[in-house]
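K.L.:
Quick one, what's the 3D model for this:
(one chain, ligands or ions: 2)
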Amino acid sequence: MSDTLGIALVGCGTVGTGVARVLLAHAERIAQRAGRPLALRRIVVQNLNKPRDAIIPRELLSTDIAAAIHDPAVQVVVELIGGTGIAKTVVLEALTAGKHVVTANKALLADCGGEIFEAARQAERTVCFEAAVAGGVPIIRALGESLAANQVTAIQAILNGTSNFILTAMAERNLSYTAALAEAQQLGYAEADPTLDVDGSDAAHKLAILAQISFGVAAKPHEIARQGIETIDPMDIRFAHELGYTIKLLAEAWTSTRTPNGERGMRGGGLDTTLSNSGLHPAAPHRPTAEKAVALHVAPVLLRHTDLLAQVRGAYNAVLVYGDIVGETLYQGPGAGQMPTASSVVADLIDLAVGRAQRTFAAAKLWSREGRGFTVEPPERVRSRFYLRLLVADKPGVLADITRILADEQISISSLVQHEAAEDNGGPVPLVIVTHYAATGRFRRAIERINALRTVAAPAVFFSMGD
Ligand code: NDP
Ligand code: HSE
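P.N.:
Ligands and ions are numbered 1, 2, ... in the order given. Have a look, this model is predicted:
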């Protein structure tokens, strides 16, 4: 075998170390699958004095990004720094220098995908990013290649391993939110700034990438309604459980195409339902209202215990994709962590070595001007059922005030739970209301008025229902 593919690793933290380990420990297997050797030529880090895994060859380490990018023995630059600052410069400079790029950086692609992909097309180079969404789960290839005959009609996914790890630990091990987050950080799942994990930003970045591949939309951050898991109290997990539900942070994309009888928004209803398996799908939990629109949002959602996504535990991710030809398919696996993410990065390197990645990149025309006619639905028009938890004074008329406000906004109540106070000490008691379908805008207006009631002791906590 000849014609070695030279690689520069820019960033050698959690993921970079994993990539180096795979390339060095499995060099022979990888060379066989790639048809030629893959050689790690350079490793760039910020701090040369930091202790590193013993497998990292010290002689390859430096802090000189430019030298790595411009090394003639390097054909691929692997960006594993993260963020949208220096990482963006690395990617653009590498492309301009005629190098292919592999990245796991979803924040960068979500924010600057248009600019980066245009630079790649200009330079006739390829950007690979399997690891940027769902870690070790090959969802980018599934959407871009295996499902290429389909128009995707909906995506429902768990895309942040850290949040799913925290919610699982709170529900199953009674861990506090803070202790569960610390454990996720220690295991290498969390972002450098873990706020991005828990406030839904990281999942929104990944959803923006999936929406680009599936619908050709370049969603701006404000077009993805986003709510994180920070407001989830152990009491919400218990109430949800009592009602038959599990709380998951979901990233969802729902299209608004019509079924043949004119009914809107059946999950997986598709562009042409004569081709779809729409009979398999239950009614959509979130319903866009406009034609050929896609509603994108990230939020905690109450899923029935029996729902497939409710059973995804720990740092695992799962993506349910509804295609108008195939019907429903599910992709599941480790969504964060060193080795699962390295698995996807190295798969991209093998694809580049073989030459497959270059062909699919050129055909996909991602972030190009060639749209597919989809628009992004304003979040406030999306319809959903809601779980609403209030802390209220245990006094006459309180419930009447709350239900009147909901009625004013045409929001109908599906169920209501209030347990007797453990002690009659005059303190506030939790009140849980589950609504029928309501437009998000109307529901939020009602919440504003409810929060203003003097008998409501703390801001309302509310989540969408998954059914
Ligand atoms: P880490 O923080 O563990 O590693 C970052 C690396 O970048 C470190 O090696 C650091 O150097 C280096 N670095 C930072 N700034 C500079 C700079 N100015 N010049 C040169 N090197 C620099 O991050 P992760 O490995 O966790 O994440 C990397 C990327 O992968 C991110 O985009 C992340 O979103 C993505 N990702 C992460 C996953 C995970 O599970 N962790 C999963 C999927 C994607 P030094 O070592 O000296 O500090
Ligand atoms: N911090 C991310 C997560 C890493 O927890 O999912 C994988 O992208």
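K.L.:
and the closest residue to ligand 1 within the chain, what pLDDT?
P.N.:
Residue nearest to ligand 1 within the chain: Gly13 (1.9 Å; CB to the nearest ligand atom). All C-beta spots, glycine's among them, are computed from the backbone N, C-alpha and C. In this model, Gly13 is scored at 98, pLDDT.
K.L.:
Can you give me the domain assignment for the protein?
P.N.:
Structural domains assigned to the chain are 5-128, 139-335+370-379, 384-465, following automatic domain parsing.
K.L.:
For the residue of the chain closest to ligand 1, give me its contacts.
P.N.:
Leu80 (CB atoms under 8 Å, 6 or more residues apart in numbering).
K.L.:
Kindly report the same for the one 10 residues further on.
P.N.:
Under the criterion of CB under 8 Å, 6+ apart, the contact list for Leu23 reads Ile7, Ile30, Leu38, Leu40, Val346, Leu349.
K.L.:
Write out the residues of this structure neighbouring ligand 1.
P.N.:
11-16, 44-47, 50, 65, 80-82, 86, 104-105, 131, 135, 188-189, 191-192, 336-337, 341 (CB under 6 Å from any ligand atom).
K.L.:
Please pick the buried ones from those residues.
P.N.:
The neighbour count (16 or more other CB atoms under 10 Å) marks 11-16, 44-45, 65, 80-82, 104-105, 131, 135, 188-189, 191, 336-337, 341 as buried among those.
K.L.:
Narrow the residues you listed to those in helices?
P.N.:
Thr14, Val15, Gly16, Ile65, Thr341 (DSSP state H).
K.L.:
which non-adjacent residue is nearest the third one?
P.N.:
For Gly16, ignoring the flanking residues on the chain, the nearest one in space by CB to CB, 6 or more residues apart in numbering is Leu80 at 4.2 Å.
K.L.:
What ranges does the stretch 301-450 of the chain have for its strands?
P.N.:
316-323, 327-334, 375-376, 383-384, 386-392, 413-417, 429-435, 438-439 (DSSP state E, counting those that start in this stretch).
K.L.:
Ligand 2: which of the ones you listed is closest?
P.N.:
Here strand 316-323 is closest among the strands of the stretch 301-450 of the chain (CB to the nearest ligand atom), at 6.9 Å.
K.L.:
Just checking: what are the partner strands of that closest one?
P.N.:
Take DSSP bridges as the rule and strand 316-323 pairs in its sheet with strand 152-158 (antiparallel), strand 327-334 (antiparallel).
K.L.:
Pick the most buried one from the ones you listed.
P.N.:
Highest mean neighbour count of the strands paired with strand 316-323: strand 152-158, a mean of 28 (counted as mean count of other CB atoms under 10 Å).
K.L.:
now the strands paired with strand 316-323 as TSV including mean pLDDT?
P.N.:
Converted to TSV, the strands paired with strand 316-323 look like this (pLDDT from 0 to 100):
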stretch	mean pLDDT
strand 152-158	95
strand 327-334	97
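K.L.:
can you redo the ones you listed as JSON lines with distance to Trp254?
P.N.:
Output for the strands paired with strand 316-323, formatted as JSON lines (distance: least, CB to CB, whole Å):
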{"stretch": "strand 152-158", "distance to Trp254": "5"}
{"stretch": "strand 327-334", "distance to Trp254": "14"}
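K.L.:
near ligand 2 at all, stretch 158-174?
P.N.:
Yes: judged by CB under 6 Å from any ligand atom, stretch 158-174 and ligand 2 are in contact via Asn160, Gly161, Thr162.
K.L.:
Which residue is the nearest non-sequential neighbour of the first one?
P.N.:
Taking CB to CB, 6+ apart as the measure, Asn160 lies nearest to Ala203, with 4.4 Å between them; neighbours along the chain are not counted.
K.L.:
what's the neighbour count on the one you found?
P.N.:
As a burial measure, Ala203 scores 32 neighbours (other CB atoms under 10 Å).
K.L.:
same deal with Glu172?
P.N.:
Using other CB under 10 Å, Glu172 has 11 neighbouring residues.
K.L.:
how about the residues of the chain that lie near ligand 2?
P.N.:
Residues of the chain found near ligand 2 (CB under 6 Å from any ligand atom) are Gly135, Asn160, Gly161, Thr162, Tyr189, Ala190, Glu191, Asp197, Asp202, Gly335, Ala336.
K.L.:
If we ignore the residues flanking it in sequence, what's nearest the fourth one?
P.N.:
Ranked by CB to CB, 6+ apart and with sequence neighbours excluded, the top spatial neighbour of Thr162 is Asp197, at 3.8 Å.
K.L.:
Alpha carbons of stretch 324-343, as CSV, please.
P.N.:
Taking Å, rounded to 0.1, in the frame of the first residue of the first chain, the C-alpha atoms of stretch 324-343 are listed here in CSV:
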residue,chain,number,x,y,z
ASP,A,324,-42.0,9.5,3.0
ILE,A,325,-40.9,6.2,1.4
VAL,A,326,-39.3,4.2,4.2
GLY,A,327,-41.6,5.2,7.0
GLU,A,328,-40.0,5.2,10.5
THR,A,329,-36.4,4.4,11.2
LEU,A,330,-34.4,4.6,14.5
TYR,A,331,-30.7,5.2,15.0
GLN,A,332,-29.3,4.8,18.5
GLY,A,333,-26.0,4.7,20.3
PRO,A,334,-23.5,6.5,22.4
GLY,A,335,-23.9,10.2,21.7
ALA,A,336,-20.9,11.6,23.6
GLY,A,337,-17.6,10.6,25.0
GLN,A,338,-14.1,9.9,23.8
MET,A,339,-14.2,6.7,21.9
PRO,A,340,-17.7,6.8,20.3
THR,A,341,-16.9,10.3,18.9
ALA,A,342,-13.4,9.1,17.8
SER,A,343,-15.1,6.3,15.9
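K.L.:
which secondary structure elements does the lowest-mean-pLDDT helix or strand in the chain contact?
P.N.:
Sorting the helices and strands of the chain by mean pLDDT, DSSP states H and E puts strand 383-384 at the bottom, at a mean of 82. Using 3 or more CB pairs under 8 Å, 6 or more residues apart in numbering; DSSP states H and E, the elements in contact with strand 383-384 are strand 438-439, helix 440-451.
K.L.:
For those, which has the smallest mean pLDDT value?
P.N.:
Minimum mean pLDDT among the helices and strands packed on strand 383-384: strand 438-439, a mean of 90.
K.L.:
Need the contact partners of that one.
P.N.:
Outside strand 438-439, the residues touching it (CB under 8 Å, 6+ apart) are Glu380, Arg381, Val382, Arg383, Ser384, Arg385, Phe386, Glu409, Gln410, Ile411, Ser412.
K.L.:
is Met464 in a bridge, and if so with what?
P.N.:
Slight slip there: residue 464 is Ser, not Met. Applying DSSP bridges, one finds that Ser464 bridges with Val301, Phe386.
K.L.:
per-residue pLDDT, it?
P.N.:
Per the predicted model, pLDDT is 91 at Ser464.
K.L.:
Likewise for Asp401?
P.N.:
97.
K.L.:
Show me how far the helix or strand in which Leu296 is found is from its chain's centre.
P.N.:
For Leu296, the host element (DSSP states H and E) is strand 293-304. Chain-centre distance of strand 293-304: 11 Å, with CA atoms, centre = their mean, to the nearest Å.
K.L.:
switch to numbering from 3
P.N.:
Sure thing, new numbering starts at 3, so read that last one as strand 295-306.
K.L.:
any idea how far the closest residue to Thr405 other than its chain neighbours is from Arg446?
P.N.:
Nearest residue to Thr405 in three dimensions, chain neighbours excluded: Ile415, at 6.6 Å (CB to CB, 6+ apart). Note on Ile415: its distance to Arg446, by CB to CB, to the nearest Å, is 17 Å.
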